[in-house]
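Q: From the sequence below, what's the structure:
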Amino acid sequence: MRLDPSIIAAFAPSGTLRVAINLGNPILARIGDDPARPSGISVDIATELARRLSVPIGLVVMDAAAKSVEAVENGHADVGFFAVDPVRAAEIAFTEPYLLIEGCYLVDRASTVTTNEQVDSPHNRVAVGAGSAYDLFLTRELKHAQIVRARTSPAVVETFLTQRLEVAAGVRQQLEADARRYDDLRVLVEPFMVIRQAAGIARVRGPAASRHLDLFIDELKTSGRIDALIARHGIAGVSVAPAKAHGGSTC
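A: So this is what the prediction gives:
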């Protein structure tokens with residue numbers, strides 16, 4: 001099916017689909033064999049979207065989610081892949097989530113903190129990635145603990161160790177990978193949140209574009225494409241978000 005030219009123009013007004021890729025979440029994207037081109041689930045989804053729009057793709061690579069959000073909001077990128085959050089939703093229209101990721105806490109092995117409820121205490125300082133989904137969430141939820149913001153999500157554990165903080169918060173896979181590098185750290189079993197990863201486009205691009213993006217993501221879920229990408233990239237500990245019934249087509 002031939003797309004309405006207005007849809008293509010809404011997604012790629014420059015003639016190229018510029019996609020914000022966040023390297024701060026290794027589940028979604030990372031530097032592969034070619035340092036000039038990242039690989040990962042979000043890169044593959046973006047490539048497929050550009051193919052269906054029949055436009056070339058340009059990757060706008062960022063080291064933090066907050067920078068990716070800003071790039072889409074200010075028009076420096078056309079589409080991005082982020083965790084759904086009401087603060088971000090003011091300017092960005094999100095699709096239904098395509099991936100569910102656990103946000104967890106990490107502590108020193110000798111810490112007396114064993115449950116999520118014990119974290120929100122006045123004597124606890126919690127390291128988070130500045131502007132990350134769990135930063136936004138914990139800023140709303142924590143009433144007593146102090147939040148200490150690291151520059152990027154991958155720098156959270158380094159900040160936790162350097163500043164001798166009591167708790168670090170982040171994506172389970174990232175924290176578990178960091179914990180394996182040290183003998184005296186542990187990740188709490190229960191997640192404190194489920195991070196809903198979605199695609200997003202600036203609201204100013206119009207409702208037709210955001211609906212098209214939502215249909216596209218849902219089709220990838222229902223066709224098994226997201227499952228295949230998880231397997232292809234060897235990502236463990238994540239799940240595909242439930243599909244949402246839609247009418248229409250994204251071909």
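Q: how far does the longest helix seen in the chain sit from the chain's center?
A: Secondary structure of the chain per DSSP state H: the longest helix is helix 207-222. With Cα atoms, centre = their mean, to the nearest Å as the basis, helix 207-222 stands 17 Å off its chain's centre.
Q: contact partners of that helix?
A: With contact meaning Cβ atoms under 8 Å, 6 or more residues apart in numbering, helix 207-222 is reached by 4, 6-7, 10-11, 45, 48-49, 52, 79, 93, 95-96, 98, 198-201, 203, 225-226, 240-244, 246, 248-250. Just so you know, the C-beta spots here come from the backbone N, C-alpha and C atoms, and that holds for glycine as well.
Q: Keep only those of these that are in helices.
A: Checking the contacts of helix 207-222 against DSSP H, those in helices are 6, 7, 10, 11, 45, 48, 49, 52, 225, 226.
Q: Bridged to residue 19, which residues?
A: Beta bridges link residue 19 to residue 59, residue 79, judged by DSSP bridges.
Q: I'd guessed it sits against residue 62; true?
A: No: Residue 19 lies out of contact with residue 62 (Cβ atoms under 8 Å); the separation is 10.7 Å.
Q: neighbour count winner among these two?
A: residue 19 (27 against 22; other Cβ atoms under 10 Å).
Q: Please identify which helix or strand holds the residue nearest the centre of the chain.
A: Nearest to the mean C-alpha position of the chain, by Cα atoms, centre = their mean, lies residue 82 at 3.9 Å. Per DSSP states H and E, residue 82 falls inside strand 79-83.
Q: Please list the residues outside that strand that contact it.
A: By Cβ under 8 Å, 6+ apart, strand 79-83 touches 11, 17-22, 28-29, 42, 45-46, 49, 65, 68-69, 71-72, 88, 92, 94, 101, 132-133, 195-201, 213.
Q: Output it as PDB, nothing but the C-alphas.
A: Taking C-alpha atoms only, strand 79-83 is exported to PDB below (Å, rounded to 0.1, in the frame of the first residue of the first chain):
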ATOM      1  CA  VAL A  79      11.600   9.600  16.300                       C
ATOM      2  CA  GLY A  80      13.100   8.100  19.400                       C
ATOM      3  CA  PHE A  81      12.800   5.100  21.700                       C
ATOM      4  CA  PHE A  82      12.100   5.900  25.400                       C
ATOM      5  CA  ALA A  83      10.500   4.700  28.500                       C
END
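Q: chain center to it: distance?
A: Taking Cα atoms, centre = their mean, one finds strand 79-83 lying 6 Å from the centre of the chain it belongs to.
Q: Now do it against helix 207-222, angle only.
A: Calculated by axes from the mean of the first three to the mean of the last three Cα atoms, to 10 degrees, strand 79-83 forms an angle of 60 degrees with helix 207-222.
Q: Tell me how far residue 135 lies from residue 69.
A: 12 Å (Cβ to Cβ, to the nearest Å).
Q: repeat for residue 76
A: Relative to residue 69, and taking Cβ to Cβ, residue 76 is found at 11 Å.
Q: quick one, which of those two is more surrounded?
A: residue 69 (25 against 14).
Q: That one belongs to a strand, doesn't it?
A: No: per DSSP: H, G, I helix; E, B strand; the rest coil, residue 69 lies outside any strand segment and is helix.
Q: There's contact between it and residue 131 in this structure, I believe.
A: Yes: counting by Cβ under 8 Å, residue 69 touches residue 131, with 7.2 Å between them.
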